[in-house]
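Asker: need a 3D model of the sequence below.
(one chain, ligands or ions: 1)
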Amino acid sequence: MKKKLLITGIAGFIGAEIAKKVIEKGYSVIGVDDLSSGREENIPKRAEFLKLDLSKKEDFKQLPIDIDFILHLAGQSSGDISFDNPILDLKKNTHSTLNLIEYGIKNKVKKILYASSMSVYGSVIDKPISEEYKTNPLSCYGVGKKCSENYLSIFRNKLPFLNYRMFNVYGPGQDMSNMRQGMVSIFLSQALNSNSITVKGNLDRYRDFIFIDDVVDCWIKGVELNLKNKTINIGTGKRTEVKALIKEICSHFNDITIDVEESTQGDQFGIYSNNELMKNLFQTKKLITLEEGIKRFVSWAKKNK
Ligand SMILES: NC(=O)c1ccc[n+]([C@@H]2O[C@H](COP(=O)([O-])OP(=O)(O)OC[C@H]3O[C@@H](n4cnc5c(N)ncnc54)[C@H](O)[C@@H]3O)[C@@H](O)[C@H]2O)c1
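Answerer: Sure, this is the predicted structure:
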């Protein structure tokens, strides 16, 4: 029997990419999204789609009761917006997660996989950050992600979880019109449309950029392997400065000008992952390099402009 997956946030960047891949692998997919930032055209045709808002308890009546696994990616995904409207962030993220946990327990779901974020760590030392590092989020978004992690942990005996602390995910499928989330997509979109890149914050800041296909592989392995109740960094383990990312993007264009502005509220100066746990658990062989990932992303973005 085909396993039935409930993918929340299926109209968003990562949810849609996971959905495409699991459908190819023969899973049956029910996708939900409130289309607040996601787009209907992202949803694979072979997924059954329900438009609903996970922060509204009454919307859960629409969901089937025979789900095997929940892949929970729905949420407000911008640190910036979480400061504009912390209550909205709370509803779309933590409140929705709690509703989903309740649904999962009631319907005896085998496991929930959750899209957490490196933003739970906050300010860190300039070394690879492992899962044991203290959490001290700097944004309302990060607080909400950590809070959801804590709820998942509390209910783990009734609903086992895997918690994915994803670093900066980028690649084809990312929303090129959203200027408030996704460092790589924002810079690439600016380069494509205006021949200039505006950087909010210092060029020496650093991140861990992981290509979408590598992230999707980790989510699929999380469904297929008998793992539970673990928190796992999803990153490359590579420290990349913002200026190096810009150089990589600019190598695909002529004469891009760079402007540097003040940083956004709650922005982490720098962070990159210790990804040993991810590599061990998922037997990850070779990750896509930034050079290759940007090349693929630029080629996709130019075709889809
Ligand atoms: N993209 C990254 O680099 C990254 C890194 C770490 C964590 N994450 C997390 O991973 C998840 C997916 O990220 P993404 O980049 O695909 O974001 P995205 O914004 O493209 O997708 C999120 C989707 O959730 C939907 N949504 C929001 N609130 C909802 C609600 N209450 N009910 C139903 N649907 C709702 C949106 O319409 C959107 O389609 C998010 O939770 C995000 O916080 C992303």
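
Asker: quick check: phi and psi on I70?
Answerer: The phi and psi torsions at I70 (degrees, to the nearest 10) take the values phi -110, psi 130.

Asker: wait, it sits on L100?
Answerer: Yes. With contact taken as Cβ atoms under 8 Å, I70 and L100 are classed as touching, separated by 6.4 Å. Yep, even glycine has a C-beta here, placed from its N, CA and C like the rest.

Asker: overlap of the contact sets of those two?
Answerer: Jointly contacting I70 and L100 under the rule Cβ atoms under 8 Å, 6 or more residues apart in numbering are T8, I112.

Asker: number of nearby residues for I7?
Answerer: Counted by other Cβ atoms under 10 Å, the residues lying close to I7 total 32.

Asker: report the contact partners of D34.
Answerer: Applying Cβ under 8 Å, 6+ apart, one finds that D34 lies in contact with K51, L52, D53, L54, A74.

Asker: N150: neighbouring residues, count only.
Answerer: Under the neighbour criterion other Cβ under 10 Å, N150 is assigned a count of 11.

Asker: how much space between it and T94?
Answerer: Distance, N150 to T94, by Cβ to Cβ, to the nearest Å: 9 Å.

Asker: ditto for Q283
Answerer: Separation of Q283 from T94 (Cβ to Cβ): 32 Å.

Asker: more neighbours, these two?
Answerer: For Q283 versus T94, the count of surrounding residues by other Cβ under 10 Å is larger for T94: 21 against 9.

Asker: pretty sure the more buried one contacts Y151?
Answerer: Yes. In terms of Cβ under 8 Å, T94 counts as a neighbour of Y151; the distance is 7.3 Å.

Asker: excluding chain neighbours, give the residue nearest to the residue of the chain most remote from its centre in space.
Answerer: Here the chain reaches farthest from its C-alpha mean at D255, the gap being 31.5 Å by Cα atoms, centre = their mean. Excluding the flanking residues, the one nearest D255 by Cβ to Cβ, 6 or more residues apart in numbering is N195, at 6.6 Å.

Asker: same deal with T135?
Answerer: Excluding its sequence neighbours, the residue lying closest to T135 (Cβ to Cβ, 6+ apart) is V120, at 4.6 Å.

Asker: likewise for Y272?
Answerer: Nearest-residue entry for Y272: D208, 3.9 Å, with adjacent residues in sequence omitted and distances by Cβ to Cβ, 6+ apart.

Asker: now what about stretch 285-298, what contacts it?
Answerer: Residues from elsewhere that reach stretch 285-298 (Cβ under 8 Å, 6+ apart): 170-172, 174, 184, 188, 209-211, 213-214, 236, 238, 240, 244-245, 248-249, 252.
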